[in-house]
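Undergrad: Generate coordinates for the sequence data below:
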Amino acid sequence: MHNIAIGRQPVYDRQLQVVGYELLYRQFGGQNQANFNDGNKATSEVILNALTEIGIKTLVGDVAPFINITTAFLTGEVPMPELPRDVVIEILEDIPVTENTLSGMRRFLSMGYRIALDDFTDKPEMDPFIEMANIIKIDIMQLDQKTVKQLASRFKEQRKKILAEKVETYEDFEFCKSLGFDYYQGYFFCKPEIINSHTLPVNKLKVLQILASLHDPTTNASRLENEISTDVTLSYRLLRYINSVQYYLQKDIDSIKQAVLLLGWDNIRSISTLLLIAQITDKPFELFKTGMVRAKMCEILGTYLQPKAKEIFFTAGLLSVIDALMDMRMENVMEQLPLSDELSTALIKQEGIIGEVLNLVIDYVHDTRISQPDLFSNPDTISEAYMMAIQWADSTLAKLDRMDTDGSSKSASA
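TA: Below you'll find the predicted structure:
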């Protein structure tokens with residue numbers, strides 16, 4: 001890849017399970033922002049990078065890829081390579097309804113692809129597109145609630161799947177869910193649903209308490225071992241995790257004290273923080289995965305800037321979703337965690353070197369327009385870090401899943 005990368009945005013079902021990823025064009029131009037005036041070129045780069053450079057499975061796993069196409073691809077003026085059969089072809093809002101574009105839609109449907117109308121606008125001339133489309137995407141930020149209700153009712157009667165775009169809050173999600181929307185896109189899962197009560201659920205309170213001890217600079221080895229040992233699940237998963245091949249250890253570690261001595265406090269803090277956050281189960285799983293991708297991407301990029309502080313960059317990325325996990329404002333979470341001023345400032349204001357890297361990572365993972373600070377002269381560094389982070393997150397999650405499955409099996413057979 002040459003200064004080209006692919007972003008992705010998850011598509012959720014009503015149970016907040018990820019059923020697909022929309023693949024997004026990324027380019028760092030001279031103006032330090034995403035620039036895709038040539039839609040055909042953008043689509044070509046996304047498809048080619050997804051199929052050849054990166055691999056569809058690496059990008060989306062076992063869920064469906066959503067790919068935007070232009071008029072030229074739809075009509076066959078620009079040839080479309082063969083795509084996996086679970087691809088959802090997104091018809092952009094500026095594609096005109098003509099005999100050629102309708103013929104292109106019929107061709108894609110005959111090949112087994114599903115069709116989605118992107119950023120749907122309710123115009124009479126769109127009726128032929130609507131008739132053939134499988135999914136209608138409605139941008140709820142651009143429409144009032146009355147219009148959204150009318151469109152949802154209309155398309156449900158026509159037995160169309162409807163997808164709500166730009167779902168920014170849990171209130172948006174609940175509103176769209178009440179209207180029968182099938183799918184959802186947006187950043188709502190990364191924003192906290194603020195709880196009016198001052199009391200956290202027990203498991204979240206416990207997680208916060210242990211996190212506080214882990215990151216307290218006055219904590220000594222004995223106290224650290226004590227805190228981890230009070231959480232049986234954390235202790236078990238920590239020992240299982242650090243005995244994995246990832247660390248290439250010569251012998252198994254069978255105690256928390258031994259783990260601290262061999263791997264060091266910074267490593268144990270990072271791993272324990274990861275495993276603790278994984279114990280919060282009342283949030284969409286993708287939120288935890290997002291934190292993991294951010295953490296690893298921050299760590300990789302941070303290594304270029306401050307190699308000896310890579311664990312701090314990792315922690316910043318991982319804790320960047322802690323407000324949404326805890327349903328608290330970031331400022332309030334920071335009041336309960338004895339983090340360094342540098343790390344707290346990075347998380348609250350995204351300032352300082354750690355904050356700049358975190359801001360870049362968040363923009364890259366979620367936005368279609370990307371600023372590129374002068375931290376990295378080669379933009380490929382950023383795109384490569386993103387792909388490495390995705391692969392690490394997928395691999396680590398599979399490892400954690402196997403640990404839990406093995407643990408359950410052993411418990412059941414004991």
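
Undergrad: okay, CA-based contacts and neighbour counts for the rest of this
TA: Fine.

Undergrad: hmm, who's touching stretch 82-94?
TA: Identification of contacts with stretch 82-94 by CA atoms under 8 Å, 6 or more residues apart in numbering yields 64-70, 111-121.

Undergrad: swap in stretch 292-309?
TA: Stretch 292-309 is contacted by residues 274, 310-318, 354, 357-358, 361-362, 365, 381-382, 385-386, 388-390, 392-393 when judged by CA under 8 Å, 6+ apart.

Undergrad: could you flag which of those are buried?
TA: When the contacts of stretch 292-309 are checked for burial by 16 or more other CA atoms under 10 Å, the buried set is 274, 310-318, 354, 357-358, 361-362, 365, 382, 385-386, 388-390, 392-393.

Undergrad: related to what we said a few turns ago, can I get the buried part of the contacts of stretch 82-94 as one PyMOL selection?
TA: Buried members of these, defined by 16+ other CA under 10 Å, are picked up in PyMOL with:
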select buried, resi 64+65+66+67+68+69+70+113+114+115+116+117+118+119+120+121
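
Undergrad: Give me the subset of the contacts of stretch 82-94 that lies in strands.
TA: Ala64, Pro65, Phe66, Ile67, Asn68, Ile69, Arg114, Ile115, Ala116, Leu117 (DSSP state E).

Undergrad: What residues does the second one make contact with?
TA: Pro65 makes contacts with Gly20, Tyr21, Glu22, Leu23, Ile56, Asp86, Val87, Val88, as judged by CA under 8 Å, 6+ apart.

Undergrad: close enough to count as contact, the third one and Ile6?
TA: No: with the criterion set as CA atoms under 8 Å, Glu22 and Ile6 do not qualify as a contacting pair; they are 9.9 Å apart.

Undergrad: one step back: and of the ones in strands among the contacts of stretch 82-94, the nearest to Thr233?
TA: Of all the ones in strands among the contacts of stretch 82-94, Ala64 has the smallest distance to Thr233: 33.5 Å, by CA to CA.

Undergrad: Quick check: the gap between the closest one and Asp118.
TA: Counting by CA to CA, to the nearest Å, the separation of Ala64 from Asp118 is 16 Å.

Undergrad: again, but for Glu99
TA: 19 Å.

Undergrad: before we move on, what about Thr230?
TA: Where Asp118 is concerned, Thr230 sits at a distance of 50 Å (CA to CA).

Undergrad: I'd like to know how many residues surround Lys177.
TA: Residues near Lys177, counting by other CA atoms under 10 Å, number 17.

Undergrad: Could you pull up the contacting residues of it?
TA: Arg14.

Undergrad: low-confidence ranges in this protein?
TA: Scanning the chain with the threshold set as pLDDT under 70 gives 1-5, 26-45, 48-54, 193-202, 244-251, 367-374, 403-414.

Undergrad: Would you map the strands across it?
TA: In the chain, strands defined by DSSP E lie at 4-12, 18-27, 64-69, 88-91, 114-117, 135-139, 161-165, 183-184, listed in chain order.

Undergrad: Could I get the contacting residues of Ser213?
TA: Contacts here follow CA under 8 Å, 6+ apart; on that basis Ser213 touches Thr219, Leu224, Glu227.

Undergrad: redo that, cut-off 10 Å
TA: Ser213 makes contact with Thr219, Asn220, Arg223, Leu224, Asn226, Glu227, Ile228, Arg269, Leu337, Pro338, according to CA atoms under 10 Å, 6 or more residues apart in numbering.

Undergrad: which of those residues count as buried?
TA: Leu224, Glu227, Ile228, Arg269, Leu337, Pro338.

Undergrad: So what touches stretch 392-399?
TA: Contacts for stretch 392-399 (CA under 10 Å, 6+ apart): 58-59, 61, 240-241, 244, 246, 278, 288-297, 386-391, 400-405.

Undergrad: Mind listing what's buried along that stretch?
TA: Neighbour-count burial for stretch 392-399 flags Trp392, Ala393, Asp394, Thr396, Leu397 (criterion: 16+ other CA under 10 Å).

Undergrad: Since that was my last question, I'll sign off now.
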